[in-house]
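J.: With the sequence up front, the predicted model follows.
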Amino acid sequence: MKHRLPIAVLLTNSQGTSAGVGLEEAYPVQLSRCLAHQVNIHRISIGGWSINNFLQILDDNVIALHPDIVIVQAGIVECAQ
């Protein structure tokens with residue numbers, strides 16, 4: 001029987017995109033590379049979101065995956081909106 005890797009979902013604001021850095025330098029890409037054989041990482045990184053946008057995508061894009069862990073990165077800009 002094939003072993004299932006743990007599933008992690010990474011929800012980030014623009015800090016999780018390659019805005020301002022090369023794509024390979026963005027931390028979600030580096031994290032995925034470092035943990036490639038240990039964790040199945042799903043990344044959702046979009047700039048300009050409010051905290052309500054994060055909540056709206058949970059059912060279809062997070063809960064449906066049955067993740068073992070969810071990492072949410074939201075800054076003061078997202079929370080202030």
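T.: Cool, the structure landed.
J.: going forward, measure contacts between C-alpha atoms and count neighbours the same way
T.: Fine.
J.: which helix of this protein spans the most residues?
T.: Looking across the chain with DSSP state H, the single longest helix is helix 27-34.
J.: Show the average pLDDT along that one.
T.: Per-residue pLDDT values over helix 27-34 give a mean of 87.
J.: centre of the chain versus the helix or strand where Val9 lies, how much separation?
T.: Per DSSP states H and E: Val9 is located in strand 7-12. Computed by C-alpha atoms, centre = their mean, to the nearest Å, the separation of strand 7-12 from the middle of its chain amounts to 3 Å.
J.: Run through who's touching that strand.
T.: 28, 39-47, 54, 62, 65-74 (C-alpha atoms under 8 Å, 6 or more residues apart in numbering).
J.: returning to that earlier point: flag every buried residue along the longest helix of the chain.
T.: Neighbour counts over helix 27-34 (16 or more other C-alpha atoms under 10 Å) mark 28-29, 32 as buried.
J.: Over to stretch 53-66?
T.: Neighbour counts over stretch 53-66 (16+ other C-alpha under 10 Å) mark 54, 61-62 as buried.
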